[in-house]
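> what's the 3D shape of this:
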Amino acid sequence: MSGYILCQIPRTSVPYYIESISTSIYSIEELCYFFHHNLYLIDKSILNPTLYQWLKEQLGLKKLSQKLQNAEDKKMEGIREFVYPVFKEINYLSYEDMKEYDNQVTQLEKELPYVRLKMKGDCLVENGMYVNALNVYQKLLQKYENTDMVPRSFIGNIYHNAGCAYSYLFQKEEAVECFEKAYQILQTKEALQSYLFSFYNGKTPQQYQQKLEELEVDVQTREEVQKKIDAVLKEKQPSVEESEIDGIIARMVKDYHRSTGS
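From the prediction side, this is the model:
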């Protein structure tokens, strides 16, 4: 969890593990922070008796634990019945913040199930959990790609976001394939530029030039994509002392395992 969180209730040495973002939390403040900033990830994988037991045994919040368990026993489904009592336990949000959060919950409840699922995938990407996000996108594609149940633009946007996730994982071939499918569906300038940029990054310069000719890309679009390519190539990598390399590699490995959930 990022940032500084002032704890009103002592932290525990036994964490609650949030599998979806590979994160351990040690206090109710950190739990509130997660709920506040990851609305689309709140589901039964988090709101379950294991969490209620943790609140009771590790944080000593017996009344809160019992209240959440009662909501569970009554088979309540809404986020409000589970998340709001946690916020109120320590008055985590101001009145205005709570009002804004409630508006977000209301809007989420109005969304169609497949839209909510895509939001979850997008939120996982934002948290760096790229493999988990891809699992969500793949479920959506398996269920909806070959049906008339969702707009084609929705499918195109899934492919685009999946391409971004693959790019972050340095899986260039998969990224190119996703961006290509996104462009084929969306047929927008933005989708074309994303596809060309990915293609340049994953193929040889000769193959890239051939692709430009094959797609009959206009001069302006070529120049705009080239500017993006040049900007990336000009980025200077920070100098690194040899003694720092092991530490940097260790952090990279840790970040990779976190993003892949492995």
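> do you know how far L59 is from I90?
Distance check for L59 against I90: by CB to CB, to the nearest Å, it reads 11 Å. The C-beta positions use only the backbone N, C-alpha and C, and glycine is treated the same way.
> Equivalent analysis for K172, please.
46 Å.
> Show me which of the two is the more surrounded one.
I90 (18 against 15; other CB atoms under 10 Å).
> tell me the phi and psi of that one?
phi -130, psi 20 (degrees, to the nearest 10).
> ok, now Y92?
phi -70, psi -40.
> next one: Y16
phi -100, psi 130.
> Near it, how many other residues are there?
Y16 - counted by other CB under 10 Å - has 22 other residues nearby.
> ok, it touching K56?
No. Taking CB atoms under 8 Å as the definition, Y16 is not a contact partner of K56, at 11.6 Å.
> Show the contacting residues for the residue nearest to Y92 when sequence neighbours are not counted.
Once flanking residues are discounted, Y92 sits nearest to C32: 4.1 Å by CB to CB, 6 or more residues apart in numbering. Contacts for C32 were tallied using CB atoms under 8 Å, 6 or more residues apart in numbering; they are 86-87, 90, 92-93.
> neighbour-wise, which of the residues you listed leads?
V86 (21 neighbours).
> could you point out which element follows the one helix or strand that residue maps to?
Following DSSP states H and E, one finds V86 within helix 80-89. Sequence order places helix 95-110 as the next helix or strand after helix 80-89, per DSSP H and E.
> can you give me the offset of that following helix from its chain's centre?
20 Å (CA atoms, centre = their mean, to the nearest Å).
> Check which residues of it are buried.
Using 16 or more other CB atoms under 10 Å as the test for burial, helix 95-110 gives 98, 101, 105.
> Next: stretch 10-22.
11-12, 16, 18, 20-22.
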